[in-house]
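Enquirer: could you work out the structure for the sequence below:
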Amino acid sequence: MKKKCTGITALAAFMVLSTGITAFAGSWKTDAQGTYYENDNGTRPVYAGWFTDPADGSMYYMNPDGYMMSDTTVEGYKLGSDGRRIEKTEEDILKEAQREASATTHNSPRKQNATAMIAANNAKATNIASGTLRHTYQAEMTALMDKILMESKGKRTNKTVQPYKHEDNVELLYAFKNPDNYQFITSIIWKGRKESDVDYKEYAYEMRYHFDAAEADQSVYDEAYQKLVIAALGETEGNAVVTHVQSQREAGHTNFDRTGSTDTGNTYKLTYNDNFLTLTVTCNGGTLNTTAEESDTTAENADTTVERDSAEASAPIVETSRVITVGD
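Expert: Okay, here's the model as predicted:
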């Protein structure tokens, strides 16, 4: 009997936790000071921060006293007369980045992040990553990896082959995998920026492709591989590499290497062994010294290491560990 009660108690606790805000759902109320949200138990869920209305998912910002703010801007977001946060469009985000990039001559992390966003947007239009600074190049390749993945996902006829995405503090990985979970094509951004970082890789980007390994839609993944090579190396060198690999395979060669420079001066290395190709790209844009790097990071309250270059710089903020599986 005791065991049964324990199980019921655990189940009840799980149900409360799994329902989140709904377990303490409440309602909007108004008094002489303004409008606030009150849980059914009489408490207020948020003071001085963002609040998500459990009824419809709308975002609001509460002042230090717990009252809804309206007709103002908070953290770059406009709040309407009803207090709801007006979500930014992709165009709004780009314009904001352009303002940030040109607002000051000081190469702060905020400005560098804005510069990376602009570079990534341009890369989506050209289908080429042209940056020579590690983080600018990585921002561009991240945008192109996402674009190519989505295009390939839409072209599949057999959905037993699944797209997959994984991100943690070490890497950002996009892939396609067969039903047995074998990843026959992967595209990876290596986040480490200093040799002292965990799992540091000298190269900023890596792609692996196992030819003829997809269980279906082989031509779709061959096309994705080609697009990734051209995106990483540039139109001229990328096409040259694709042609070289094809000619070597047609000639019956099972093992070969190739090294060279991208169209913009980064260096790359390609290895091919029994239908398995690996391509890595190392950026040649330089890195800011640690002392100045840490000073800038502290000043801007950023949690990432910063790289600089007189013409271009930036980096996406490192997120906490997470795994994302991209479904149909």
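Enquirer: please count neighbours and contacts with C-alpha atoms only from this point.
Expert: Noted.
Enquirer: would you check how far apart Ala125 and Phe276 are?
Expert: Taking Cα to Cα, to the nearest Å as the measure, Ala125 and Phe276 are separated by 30 Å.
Enquirer: with Arg249 instead?
Expert: Distance of Arg249 to Phe276, given as Cα to Cα: 11 Å.
Enquirer: quick one on the thing from earlier: neighbour count: Ala125 and Phe276, which is higher?
Expert: Using other Cα atoms under 10 Å, the more surrounded residue of Ala125 and Phe276 is Phe276, with 17 against 9.
Enquirer: any idea what the more buried one is bridged to?
Expert: With DSSP bridges applied, Phe276 shows beta-bridge pairing to His210, Asn273.
Enquirer: would you map the strands across the stretch 51-200 of the chain?
Expert: Ranges of strands in the stretch 51-200 of the chain, per DSSP state E, counting those that start in this stretch, are 59-62, 72-74, 77-79, 85-86, 162-167, 171-177, 183-190.
Enquirer: pick out the residue closest to the middle of the chain.
Expert: Nearest residue to the geometric centre of the chain (Cα atoms, centre = their mean): Thr142, 6.4 Å.
Enquirer: tell me the mean pLDDT for the longest helix anywhere in the chain?
Expert: Selection of the longest helix in the chain by residue count, based on DSSP state H, yields helix 134-155. In this model, helix 134-155 has a mean pLDDT of 93.
Enquirer: does the nearest residue to Asn127 once chain neighbours are set aside belong to a helix, a strand or coil?
Expert: In this structure, Asn127 finds its nearest non-sequential neighbour in Ala231, 5.7 Å apart by Cα to Cα, 6 or more residues apart in numbering. Following DSSP: H, G, I helix; E, B strand; the rest coil, we place Ala231 in the helix state.
Enquirer: Ala231 touches Thr142, doesn't it?
Expert: No: checked against Cα atoms under 8 Å, the pair Ala231 and Thr142 is beyond contact range at 10.6 Å.
Enquirer: if we can go back for a sec, in contact with the residue nearest to the centre of the chain, which residues?
Expert: Listed by Cα atoms under 8 Å, 6 or more residues apart in numbering, the contact partners of Thr142 are 120, 189.
Enquirer: now do it against Ala123, distance only.
Expert: 10 Å.
Enquirer: over to Leu79?
Expert: 32 Å.
Enquirer: quick one on the thing from earlier: can you give me the buried ones in the longest helix of the chain?
Expert: Neighbour-count burial for helix 134-155, counted by 16 or more other Cα atoms under 10 Å, picks out 134-145, 148-149, 152-153.
Enquirer: okay if I get the strands of the stretch 51-200 of the chain as TSV plus distance to Gly42 and mean neighbour count?
Expert: As requested, the strands of the stretch 51-200 of the chain are arranged in TSV below (distance: least, Cα to Cα, whole Å; neighbours: other Cα atoms under 10 Å):
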stretch	distance to Gly42	mean neighbour count
strand 59-62	17	21
strand 72-74	27	14
strand 77-79	26	17
strand 85-86	25	18
strand 162-167	39	19
strand 171-177	43	21
strand 183-190	47	22
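Enquirer: could the ones you listed be laid out in a markdown table, adding distance to Val220?
Expert: Formatted as a markdown table, these follow (distance: least, Cα to Cα, whole Å):
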| stretch | distance to Val220 |
| --- | --- |
| strand 59-62 | 40 |
| strand 72-74 | 44 |
| strand 77-79 | 40 |
| strand 85-86 | 39 |
| strand 162-167 | 12 |
| strand 171-177 | 11 |
| strand 183-190 | 11 |
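Enquirer: and for the residue lying closest to Glu215 once chain neighbours are set aside, the neighbour number?
Expert: Closest residue to Glu215 apart from its sequence neighbours, by Cα to Cα, 6+ apart: Asn178 at 6.4 Å. Neighbour count of Asn178, defined by other Cα under 10 Å: 17.
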